[in-house]
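> When you get a sec, could you give me coordinates for this:
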Amino acid sequence: MAQPTSLERRLGDWLRARLPHGVTELVMFTVKMGWASLFGGLLLIAMLVTHSLWQADWPIARYDALLLYALALQLLFLFFRLETLSEAKVILLFHLTGTIMEIFKLHMGSWDYPGAGLIKIGGVPLFSGFMYASVGSFMARAIRLFDMRFAPYPPYWASLLFAGAIYMNFFTHHFGPDIRIGLFAASLILYARTRVWYRIGQWHWMPMPVAGVLSAFFLWIAENIGTATKIWLYNGQMAGDMVGFSKMGSWYLLLYVSFVTVTLVQRDALDPQQFTPDHARP
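As a prediction, the model looks like this:
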């Protein structure tokens with residue numbers, strides 16, 4: 001199992017030594033979640049700041065500046081060992097799969113990138129790949145920081161087929177039947193018994209589908225920040241319009257694709273057997 005880096009371990013030890021005993025686990029959970037989502041949080045801050053400050057006549061377009069910013073973040077994460085090299089390779093895969101879907105969806109008119117930028121492929125700014133990568137970064141870092149276990153985990157080949165079906169449906173539903181209702185049902189059938197075990201001093205757990213719904217909700221909030229700052233807009237959406245709650249369903253399914261992608265390098269977090277540590281609480 002991948003362990004927290006030395007920097008992350010020192011930060012945790014420093015906080016534990018100074019926190020009141022009664023609130024230690026709650027505070028540590030919040031701190032760890034924030035630390036795990038550091039990459040995505042810094043991207044959201046950059047979206048908000050550039051939306052407020054950026055001028056159309058500046059020598060570099062906003063999308064291009066955000067791309068340079070995200071690249072610098074990625075290098076810093078590697079330099080300070082906040083991500084391992086193997087995790088960075090998987091995050092690169094997020095860039096590729098996310099950008100391919102972005103180009104297709106843009107072509108189909110699902111959403112648009114209204115701003116100017118030189119570094120685009122098929123009308124999609126390359127910065128967009130980092131938004132997908134931030135989800136992968138969060139998952140990889142959270143698994144390490146919380147020493148997570150996923151048990152009992154279904155056969156790995158089944159999770160690969162399930163993730164592949166979800167990814168393909170994002171394309172094929174434009175030309176054929178949309179099978180997302182069946183995919184929602186499949187997620188419950190496949191993962192209903194799977195518990196997400198995480199440790200903050202002592203072990204806790206929650207059902208994996210519940211973890212997926214909660215994560216989708218927070219991604220929906222982040223998505224509203226993205227559209228409010230005009231990074232992208234859905235078809236027919238005006239800046240300031242709230243993203244429909246139905247998009248949470250899309251994020252719920254996409255999270256399974258993201259999770260399976262991360263497990264390409266963190267398979268040791270998956271346990272096909274029951275995991276029953278001492279002193280566990282739901």
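
> burial measure for the nearest residue to Met206 once chain neighbours are set aside, as a count.
In space, and not counting its chain neighbours, Met206 is closest to Val196: 5.5 Å by CB to CB, 6 or more residues apart in numbering. In short, each C-beta sits where N, CA and C put it, glycine included. Other residues near Val196 come to 22 when the count uses other CB atoms under 10 Å.

> do the same with Ser52
For Ser52, the count of nearby residues is 8 (other CB under 10 Å).

> in the helix or strand harbouring it, what's buried?
Per DSSP states H and E: Ser52 is located in helix 38-53. By 16 or more other CB atoms under 10 Å, the buried positions in helix 38-53 come out as 38-40, 42-44, 46-47, 50-51.

> ok so, going back, quick check: phi and psi on the residue nearest to Met206?
phi -90, psi 110 (degrees, to the nearest 10).

> quick one, what contacts it?
148-150, 205-208, 211 (CB atoms under 8 Å, 6 or more residues apart in numbering).

> Weed out the non-buried ones from these.
For the contacts of Val196, buried by 16+ other CB under 10 Å: 148-150, 205, 207-208, 211.

> Please tabulate these in CSV, including the columns secondary structure, distance to Ala222 and pLDDT.
Below are the buried ones among the contacts of Val196 laid out as CSV (DSSP: H, G, I helix; E, B strand; the rest coil; distance: CB to CB, whole Å; pLDDT from 0 to 100):
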residue, secondary structure, distance to Ala222, pLDDT
Met148, coil, 21, 94
Arg149, strand, 26, 94
Phe150, strand, 23, 96
Trp205, strand, 25, 94
Pro207, strand, 23, 97
Met208, helix, 21, 97
Ala211, helix, 17, 96
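
> Now render those residues as a markdown table, adding distance to Thr172.
Listed next are the buried ones among the contacts of Val196 as a markdown table, based on distance: CB to CB, whole Å:
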| residue | distance to Thr172 |
| --- | --- |
| Met148 | 32 |
| Arg149 | 34 |
| Phe150 | 28 |
| Trp205 | 35 |
| Pro207 | 29 |
| Met208 | 26 |
| Ala211 | 27 |
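
> which element is the spatially most central residue of the chain on?
The centre of the chain sits closest to Val135, judged by CA atoms, centre = their mean, with a distance of 1.7 Å. Using DSSP H and E, the element containing Val135 is helix 128-145.

> can you pull the buried residues of that helix?
128-145.

> that older thread, can you tell me which of the buried ones among the contacts of Val196 lies closest to Ile166?
Distance to Ile166, by CB to CB, is smallest for Met208 among the buried ones among the contacts of Val196, at 14.8 Å.

> what's near enough to touch the closest one?
150, 191, 194-196 are the contacts of Met208 under CB under 8 Å, 6+ apart.
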